[in-house]
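Asks: give me a 3D structure for the following:
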Amino acid sequence: MRFFLPFLCVLALFSCKPYQSTVMKEGQITYDRFRESQKKFTTTDGNIAYIDKGDSDNVIVLLHGVPTSGWLYRKMIDPLVDAGYRVIAPDMLGYGSSDNPKEYEVYAAQNHAKRLLALMDHLDIKSWTHVMHDAGGLWTWELLGENAHRIHNLVILNTIILEEGFDPPIRFKPGFMAKTAMWSYRNGITTNTMLRALFKEGLKENNLNKEDVEGYKVPLREGKTNAMYYFFTQTCNELPDYRPMIQNLDIPAIVIWGKEDTFLKWTPQKAELEKDFKLSENQEHILDAKHFIQEEKPEEIVGFIISFLNKK
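Replies: Numbers count the residues shown, from 1 in each chain. Sure, this is the predicted structure:
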């Protein structure tokens with residue numbers, strides 16, 4: 001449990017300094033403005049917020065993980081739209097601006113996959129290029145299990161695939177301790193501390209300013225921790241073996257990975273996945289970064305995606 005501090009350590013938590021930088025970067029979008037640009041799609045489990053930008057027939061879906069949202073991709077959306085693509089960036093149920101049901105089973109990977117597919121049907125998008133990060137990989141593998149024809153390109157960014165590369169910062173048992181941790185994250189007791197530790201571990205160089213962090217902090221303070229609870233108490237402890245399904249995929253793929261990621265490691269699963277995804281040398285891009293490569297290397301990622309799609 002690298003970034004979880006026991007709830008009894010209150011004095012240590014209150015000694016942590018807030019984020020110092022308050023200077024907005026030139027052209028930076030605020031989280032309020034980002035939310036204003038989101039649309040809503042109603043599912044049987046609750047509303048999903050999403051960005052839908054661009055009018056091209058060439059669609060790219062940007063799928064976040066835990067504990068982030070579509071905000072993670074804010075630096076990549078406009079460049080991809082400017083390159084001629086329609087970009088869909090959802091906040092999955094329980095994250096970002098989407099609803100936060102109390103029932104935990106709605107956050108199972110297969111249910112996330114069903115809702116994402118329902119969103120794409122709602123938008124009348126038959127197939128798309130699929131970009132995923134972190135737990136977004138689990139939701140993607142579930143979707144591909146029965147709907148592989150819907151995705152015609154895969155862009156894999158520091159994603160959960162095999163157990164060999166999976167080293168989550170938290171693995172909880174369901175119950176009091178996990179619920180107390182989630183309560184402290186959303187009630188301001190450990191919110192700043194958790195985010196600071198998360199980005200210290202997840203970024204090689206943390207240049208996030210106050211507005212950047214706001215997009216990650218606000219959903220937590222709004223109570224968006226039920227999906228996190230399910231992920232860290234269920235999903236992390238029962239990771240399915242998706243390799244047989246992956247080996248049967250016939251979808252062009254590229255890997256873009258931060259080589260110093262301590263949560264999701266490429267090297268331990270490299271040989272197996274190069275074989276399973278049939279990766280050539282120019283389909284594997286290892287960046288000088290950690291876990292949140294969308295924050296550290298957005299321009300490079302966009303460039304690799306565009307180059308990959310243009311060569312097809």
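Asks: low-confidence ranges in the stretch 201-312 of the chain?
Replies: 312 (pLDDT under 70).
Asks: would you map the strands across it?
Replies: Counting by DSSP state E, counting those that start in this stretch, the stretch 201-312 of the chain has strands at residues 253-258, 284-287.
Asks: list the pairing partners of the longest one within its sheet, with orientation.
Replies: Strand pairing for strand 253-258, using DSSP bridges, gives strand 151-159 (parallel), strand 284-287 (parallel).
Asks: may I have that strand as PDB, with CA atoms only?
Replies: Extracted in PDB, the C-alpha atoms of strand 253-258 (Å, rounded to 0.1, in the frame of the first residue of the first chain):
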ATOM      1  CA  ALA A 253      -2.000  -2.400 -32.200                       C
ATOM      2  CA  ILE A 254       0.700  -0.200 -30.800                       C
ATOM      3  CA  VAL A 255       2.100   0.100 -27.300                       C
ATOM      4  CA  ILE A 256       3.100   3.500 -25.900                       C
ATOM      5  CA  TRP A 257       4.400   2.900 -22.300                       C
ATOM      6  CA  GLY A 258       6.300   4.900 -19.600                       C
END
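Asks: now that strand: how far from the chain's centre is it?
Replies: Here strand 253-258 shows a centroid-to-chain-centroid distance of 14 Å under the convention Cα atoms, centre = their mean, to the nearest Å.
Asks: same question, the shortest one
Replies: The gap between the average C-alpha position of strand 284-287 and the chain average comes to 18 Å, counting by Cα atoms, centre = their mean.
Asks: looking at the strands paired with strand 253-258, spot the one closest to Trp128.
Replies: Judged by Cβ to Cβ, the one of these that comes nearest to Trp128 is strand 151-159, at 6.4 Å. Every residue, glycine included, has its C-beta placed from N, CA and C.
Asks: buried set for the helix or strand following the closest one?
Replies: Remark: after strand 151-159, the chain's next helix or strand is helix 176-186, criterion DSSP states H and E. By neighbour count on 16 or more other Cβ atoms under 10 Å, the buried set for helix 176-186 is 178, 181-182, 184-186.
Asks: now, which of those residues sits nearest Arg33?
Replies: The shortest approach to Arg33 among the buried residues of helix 176-186 belongs to Arg186, at 23.5 Å (Cβ to Cβ).
Asks: report the contact partners of the closest one.
Replies: 220-225 (Cβ atoms under 8 Å, 6 or more residues apart in numbering).
Asks: closest one of those residues to Lys311?
Replies: Distances from Lys311 to the contacts of Arg186, taken by Cβ to Cβ, are shortest for Lys224, at 38.6 Å.
Asks: circling back: distance to Ile301 and pLDDT for the buried residues of helix 176-186 - can I get that in JSON lines?
Replies: Shown next, in JSON lines, are those (distance: Cβ to Cβ, whole Å; pLDDT from 0 to 100):
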{"residue": "Ala178", "distance to Ile301": "33", "pLDDT": "85"}
{"residue": "Ala181", "distance to Ile301": "31", "pLDDT": "87"}
{"residue": "Met182", "distance to Ile301": "30", "pLDDT": "88"}
{"residue": "Ser184", "distance to Ile301": "33", "pLDDT": "89"}
{"residue": "Tyr185", "distance to Ile301": "28", "pLDDT": "88"}
{"residue": "Arg186", "distance to Ile301": "30", "pLDDT": "89"}
